[in-house]
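**Student:** next comes the sequence, and after it the predicted model I'd like to discuss.
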Amino acid sequence: MKNLIQRMQGELAGRFPGMRFEIDAPLEETAEWFLDVRNQDGSLFLVIQWRPEKGFGVSTPAADNSDYGSGPDEVYPDPILATDRVIDLIESGGATEPPIAVRLAELRQGRGLTQGQVAEKAGVKQANIARIEGREDVKVSTLKKVVAAMGATLSIRARFPDGTEREMEF
Amino acid sequence: MDRPNPTKAERFEEFLRRLGAAPAASSLDEAYRQVCDILNAVEDDLTSIPFDPPRWMEDGRMYPPQADRAFAVTGRPDLTRFRSRHHSTFIGANGAIEVRTDADVVVFSKSGADGRTVF
């Protein structure tokens, strides 16, 4: 009997015959499984990770080896949501987004700023910035403040399936 | 004042540099421990991100290959492959180590104590 990721492989392969869907099975069945989605030329388009009882991870590759030892960019507890996201990525040719906490830390690092420097500009303690970067969910007002301390402005857009986008204000 | 964390790509390069400079291992267990210890040391030395495995998906720290991410290598019972998102770390029973990308590009290779490489 096929497990969840093997069933996902079958569904995606039927829908996208031009792509390759290769299962990478672990030694232990209860450990983490991988489903590699490859373009026709064999290059990797995205990776789906699945661990029984834990759900699915979806990630497109980073170009510079910067994802060694990293978790998946996006996590879906439900196979239907994960499959829908993979279909969307294949059809749009899009890329996954790492969790917001990672993005904030990497945004700061990319500007060559320390947590202490951002904290000073934001008027908070360095420990607060460390906590914000570690949270799974951040208030928009907090995010605005941290981004402003890096010298940038925050922009939030609502993107609809028909392709229209609207800038949101807070 | 704290200093900026180097990027993950820079830390990965430092990990490979230290791994290459470490003494050759003579067994799978020794090489696996070396990979884990060196990666953890690099992250401790070069970042301010605390070691906190439950937060591995969102904290931006690199974590070593987990023992339950071991995969078999067809036709090579002496090899164990530890899979991550887009890399595989191969470790031989002789302690040899090789890291490859998903495109099968070798980014690191080191012999075991017997002088033999993974492939």
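**Tutor:** Received the coordinates, thanks.

**Student:** secondary structure element for the most centrally placed residue in chain B?
**Tutor:** Nearest to the geometric centre of chain B sits B:Val35, at 4.4 Å (C-alpha atoms, centre = their mean). Using DSSP states H and E, the element containing B:Val35 is helix B:28-46.

**Student:** next: A:Asn128.
**Tutor:** Using DSSP H and E, the element containing A:Asn128 is helix A:126-134.

**Student:** A:Tyr68 now?
**Tutor:** With DSSP H and E as the criterion, A:Tyr68 is inside neither a helix nor a strand.

**Student:** give me the neighbour count for it.
**Tutor:** A:Tyr68 has 24 neighbours, counted by other C-beta atoms under 10 Å in any protein chain shown. Any C-beta I mention is one placed from the backbone N, CA and C, and that applies to glycine too.

**Student:** ok, it touching B:His87?
**Tutor:** Yes: counting by C-beta atoms under 8 Å, B:His87 is a contact partner of A:Tyr68 at 5.1 Å.

**Student:** next SSE downstream of the lowest-mean-pLDDT helix or strand in chain B?
**Tutor:** Ranked by mean pLDDT, DSSP states H and E, the weakest helix or strand in chain B is strand B:70-72, scoring a mean of 91. Sequence-wise, the next helix or strand downstream of strand B:70-72 (DSSP H and E) is strand B:79-83.

**Student:** so for that following strand, what gets flagged as buried?
**Tutor:** B:79-83 (16 or more other C-beta atoms under 10 Å in any protein chain shown).

**Student:** where does the prediction get shaky in chain A?
**Tutor:** Along chain A, segments meeting pLDDT under 70 span A:101-102, A:134, A:136, A:159-163.

**Student:** hmm, back to that, starting at the chain centroid, how far to the least confident helix or strand of chain B?
**Tutor:** For strand B:70-72, the separation from the chain centroid amounts to 15 Å (computed by C-alpha atoms, centre = their mean, to the nearest Å).
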